[in-house]
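Novice: make a model of this:
(3 chains)
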Amino acid sequence: MEFVKNTWYPVTWSNEVDRTLTRHMIANEPVVVFRRQDGSVAALHDACPHRLAPLSLGTLIDDAIECGYHGMTFDCSGQCIRIPGQEVIPKNATVRAYPIEERYGLVWIWLGDPKQADISKMFNVPQYGQEGWHAVQGGVLRIECNYLSLVENLLDPAHVTFVHKSTLGTPAGASIPVNNDYGDNSISVWRWIPDAPPIPLFANFAKMTGQVDRWHYYDYTPPCFFDIDMGTCATGSIKDPEMRHTGVQMHSCHVLTPVDDRTVLQYWFHVRNFRVDEPEIDQELNAALEFAFKEDKIILERIQQEQERDPNAKQITLGIDAAPRRMHKMVQKLIQEERQHLNTPANAGAAT
Amino acid sequence: MEFVKNTWYPVTWSNEVDRTLTRHMIANEPVVVFRRQDGSVAALHDACPHRLAPLSLGTLIDDAIECGYHGMTFDCSGQCIRIPGQEVIPKNATVRAYPIEERYGLVWIWLGDPKQADISKMFNVPQYGQEGWHAVQGGVLRIECNYLSLVENLLDPAHVTFVHKSTLGTPAGASIPVNNDYGDNSISVWRWIPDAPPIPLFANFAKMTGQVDRWHYYDYTPPCFFDIDMGTCATGSIKDPEMRHTGVQMHSCHVLTPVDDRTVLQYWFHVRNFRVDEPEIDQELNAALEFAFKEDKIILERIQQEQERDPNAKQITLGIDAAPRRMHKMVQKLIQEERQHLNTPANAGAAT
Amino acid sequence: MEFVKNTWYPVTWSNEVDRTLTRHMIANEPVVVFRRQDGSVAALHDACPHRLAPLSLGTLIDDAIECGYHGMTFDCSGQCIRIPGQEVIPKNATVRAYPIEERYGLVWIWLGDPKQADISKMFNVPQYGQEGWHAVQGGVLRIECNYLSLVENLLDPAHVTFVHKSTLGTPAGASIPVNNDYGDNSISVWRWIPDAPPIPLFANFAKMTGQVDRWHYYDYTPPCFFDIDMGTCATGSIKDPEMRHTGVQMHSCHVLTPVDDRTVLQYWFHVRNFRVDEPEIDQELNAALEFAFKEDKIILERIQQEQERDPNAKQITLGIDAAPRRMHKMVQKLIQEERQHLNTPANAGAAT
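Specialist: Next up, the predicted model:
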């Protein structure tokens, strides 16, 4: 399958990258990542152009990688700077180098045309690092399913009642319809559940009791950015949705890396406005969230297996599928645009 | 490959089915099975028509299954009776329901056209439950081979001498030709071995000593029913084959479930007319039989691997292959008839 | 892929073959091997022509194999000599028998046209068994890569500096060009590294100290024979390369068996002219060599994976690839010649 390339995908957590050469698969591309001597992160295609040996098996010398098979050495721009036993370095002795950014505790890679690498297209979490908000590094879950199945799942409040009974859902939500707002390149799926018990997560961690008003806003930017705004306030206490930050609020951020056609990495972290001075609860909160995400993993992997077992199985469409269907169109449009851009005379072959 | 659908396949032992939703694969179809509140067994296609989540991951509520992903709920007829968040239930919101029978301690499923489900086509073991006979639930063996290889094996007395040296065979049998009787939809392969030592199984369990007359009747009904009548009497004591029940006799019953193209489940049980009041020997006898069946499993799985490794390998035909060849024709004829029936105008699309 | 068939491939070590029927896969052909009563080794195609049961599951009776399924019995020429329950043995009741030789502690098989089996095409190690030389059985390494990748590796002194830093290489070698001598059906890749420290292996086992002259001669005969002559002498002490045996010398012999398209067995042994009366160092020396060969295994398996992941990946050619490129042509020529020979009218169908 084709993937969107002109976007930022998370590669790994920033604090995992050091002088060790590590291999990562992103959208079917193998990438070797390391930290330069100046502290910045470099990423090269992880196959020596000579015999395809992974460069991650090689040796880091200053900021260049010496291939572990015959010693061809590549600098951070992907240019070969040494071929042992040979004076002339052929023009095609190069590997791809990728634009890299670090933000929100993650290392992000731009797989597409480097000339179009654009930091304004980075995932945006305005609260991150702001006063009154506490940011928490979460974890990463490897799910053996197509990444778009996970995107559907994260656009879909309807599953919460059934998949996350003990963590994120309560029966009260099941029958309340969701609202879908569509932008040019964004989807917001949201609903308010008035005058209901708090979800178990907020009851436990935000110490909510009694009846509350609850909201979920699933804010999606294709192909792989999610800011899920979950919050709670005493029933009736917030009249204007713009004032949600005055309630108990958590932005649960999910950014996905398609590994290949049937594997996705789900990176997650959150910022919250409650118990901001109590980092000691972070670990317990993360564990509760991870427990919930693993509930999705079980379902999504079984669906993947069923789709592979019977690729022609018919699926029916329900009302709750409106946002997922729009999502598929948006992602396809991005892929189409990249394909057309590559086929214009000026760009043919630019970013293969 | 195509499978016969208008037949009864064993799904599992009756005493394994309760209120737990369990998934079974039968002829490439996933089926979820559970026991209704009235004690009868229900079976539905194990994939929600919305996103293909296995219904067996869902929740049983009374006699309906609530899908574990979005809560679509299906009754035992396969009709959707609830879609959370949606009033109108689309006409195509259904899953297949399958006719089920319980007999001989097994749950049987009819995968074909439900209108043709016919209890008279059920495997028939007249002695089961009759006075003077003791019925014993056996076991199930999963064999990684095409089910027709196991059918060939169970139609084939010639292998017993070589595969089952220590259990079912003796050298005496090797050179005695078998008789094949063919019905319209049945095969009987049989031989008498006169004046020979008893096979180890009867020597041990029926306490036969000295010389005996022995018989084997392999009675087969396509595609998957076997009644193997094995017996022994003092040499010369039974003149009329119809009087075999006056000797020491065991009906070893084998009913097969093709799981997919390369996997079969062999369910087996027996009825016997010796030591009928000694259930304490059942376990030991079952263990001896299972030991013998596992000898076949080893051979059959290796043959499967060899056939997959070299699908074009030529195979020669021997005299002992007459019944297996006739069997293949009978099974193909059943499949042809089902295909033609489906293509008649009245039935087109009836039982896909 | 096609393999060269008219050659000798090692099957296993001679001391591993006894009266036990053992199965080996060689160039996608399954072979059953055993030792005859007269001490010689026999090899048959390991699939009964009736139902493809591996004959290696059967029983050895004198020098014939009785199939474990129905008792068909084959002598060492592959002729069926018994079919239980059947008088007439069909003409096509045969399995292939293969020419076998034992040499250098190994059992060798000729997969091609038996009429062309030619001991003069056997791997040749003149020093083996001669006075002044000590022969040591090595080991066998299973590498999950195409055998030609390993052939390339064994023709390639350039990788030694980078893959075998601690065992076979020193930095001194990296920049010295290699010489390639091509015969009609042989390649010799060699270089002398003058006035350098000894490689770790010789420093440890031949107790070389100070500066030395070193040589490597990689002598290859397609498709799978390698005699790697590694040696060392005090700097300047050998003027004539023909006198290498007066230095410290080891012939490291590698003979390969392609198992299938992505698996190769590397059999290795050596003869040496130092410490010939000290077999107690054999084990330690073998361990050191095996350690080095496993360094190649890691690289080669990762390259195989990368080639499979992206079969269309472009590879660039370096100066060090001259011998490997010539090797590929030689092997293809052998395969072509065999194909043409088979297609001549006199030989059509002779050795399928």
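
Novice: isn't there a helix covering A:Asp229?
Specialist: No - the assignment for A:Asp229, made by DSSP: H, G, I helix; E, B strand; the rest coil, is strand rather than a helix.

Novice: count of residues packed around whichever residue of the stretch 201-350 of chain A sits closest to chain C?
Specialist: Residue of the stretch 201-350 of chain A nearest chain C, by Cβ to the nearest Cβ: A:Asp260 (9.2 Å). All C-beta atoms are positioned from the backbone trio N, CA, C, and that covers glycine. With neighbours defined by other Cβ atoms under 10 Å in any protein chain shown, the count for A:Asp260 comes to 16.

Novice: with adjacent residues omitted, what lies nearest to it?
Specialist: Nearest non-adjacent residue to A:Asp260, counting by Cβ to Cβ, 6 or more residues apart in numbering or on different chains: A:Asn28, 5.2 Å away.

Novice: which strand in chain A runs the most residues?
Specialist: strand A:248-260 (DSSP state E).

Novice: that one pairs with which strands?
Specialist: Applying DSSP bridges to the sheet, strand A:248-260 is found paired with strand A:225-234 (antiparallel), strand A:263-272 (antiparallel).

Novice: of those, flag the one that's most buried.
Specialist: Comparing the strands paired with strand A:248-260 by mean neighbour count (mean count of other Cβ atoms under 10 Å in any protein chain shown), strand A:263-272 comes out on top with a mean of 23.

Novice: contact partners of that one?
Specialist: A:10, A:13, A:104-106, A:125, A:127-128, A:133-147, A:150, A:249-259, A:285, A:289, A:293 (Cβ atoms under 8 Å, 6 or more residues apart in numbering or on different chains).

Novice: tell me which of those fall in strands.
Specialist: Per DSSP E, the contacts of strand A:263-272 map to strands at A:10, A:13, A:106, A:134-143, A:249-259.

Novice: from those, list just the buried residues.
Specialist: Neighbour counting with 16 or more other Cβ atoms under 10 Å in any protein chain shown marks A:10, A:13, A:106, A:134-138, A:140-141, A:143, A:249-259 as buried within the ones in strands among the contacts of strand A:263-272.

Novice: at the geometric centre of chain A, which residue do we find?
Specialist: A:Val255 (1.7 Å; Cα atoms, centre = their mean).

Novice: doesn't A:Leu106 make contact with that residue?
Specialist: Yes - judged on Cβ atoms under 8 Å, A:Val255 makes contact with A:Leu106 at a distance of 7.1 Å.

Novice: what residues do the two have in common as contacts?
Specialist: By Cβ under 8 Å, 6+ apart, the residues touching both A:Val255 and A:Leu106 are A:10, A:267.

Novice: what residues are up against A:Lys314?
Specialist: A:Lys314 touches B:Pro49, counting by Cβ under 8 Å, 6+ apart.

Novice: check which helix or strand covers it.
Specialist: Using DSSP states H and E, A:Lys314 is not contained in any helix or strand.

Novice: ok, so what distance separates the residue of the stretch 201-350 of chain A closest to chain C from A:Ala27?
Specialist: To A:Ala27, A:Asp260 is 8 Å away according to Cβ to Cβ, to the nearest Å.

Novice: equivalent analysis for A:Glu284, please.
Specialist: From A:Glu284 to A:Ala27 the distance is 34 Å (Cβ to Cβ).

Novice: higher neighbour count, these two?
Specialist: A:Ala27 (22 against 11).

Novice: in terms of residue numbering, what are the domains of chain A?
Specialist: A:8-119, A:124-333 (automatic domain parsing).

Novice: least reliable of those domains going by mean pLDDT?
Specialist: Sorting these by mean pLDDT places domain A:124-333 lowest, at a mean of 92.

Novice: show me what from the stretch 101-250 of chain A comes close to chain B.
Specialist: Contact residues (Cβ under 8 Å from any Cβ of the partner chain) of the stretch 101-250 of chain A with chain B: A:152, A:156, A:158-159, A:161-163, A:174-178.

Novice: with the stretch 251-352 of chain A instead?
Specialist: A:298-299, A:302-303, A:306-307, A:309-310, A:313-316, A:318-320.

Novice: now the buried members of these.
Specialist: Buried among these (16+ other Cβ under 10 Å): A:299, A:302-303, A:306-307, A:316, A:318, A:320.

Novice: dump those residues to CSV, plus secondary structure.
Specialist: CSV is the format used below for these (three-state DSSP):
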residue, secondary structure
A:Ile299, helix
A:Arg302, helix
A:Ile303, helix
A:Glu306, helix
A:Gln307, helix
A:Ile316, coil
A:Leu318, coil
A:Ile320, helix
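
Novice: my guess is A:Leu44 contacts A:Tyr98, does it?
Specialist: Yes - between A:Leu44 and A:Tyr98 a contact is recorded at 7.3 Å, counting by Cβ under 8 Å.

Novice: which parts of stretch A:92-107 are buried?
Specialist: Buried residues in stretch A:92-107 (16+ other Cβ under 10 Å): A:93-107.

Novice: mind checking if that stretch is in reach of chain C?
Specialist: Yes - contact of stretch A:92-107 with chain C (Cβ under 8 Å from any Cβ) involves A:92-93.

Novice: just how off-centre is that stretch within its chain?
Specialist: With Cα atoms, centre = their mean, to the nearest Å as the basis, stretch A:92-107 stands 16 Å off its chain's centre.

Novice: first-to-last residue distance for that stretch?
Specialist: End-to-end span of stretch A:92-107 (Cα to Cα, to the nearest Å): 28 Å.

Novice: what's the answer for stretch A:44-58, then?
Specialist: End residues of stretch A:44-58 are separated by 13 Å (Cα to Cα).

Novice: centre of the chain to it, how far?
Specialist: 26 Å.

Novice: and for stretch A:220-234?
Specialist: Counting by Cα atoms, centre = their mean, stretch A:220-234 comes out at 13 Å from the chain centroid.

Novice: quick check: the residue of the stretch 251-352 of chain A nearest chain B.
Specialist: For the stretch 251-352 of chain A, Cβ to the nearest Cβ, closest residue to chain B: A:Glu306, 4.3 Å.
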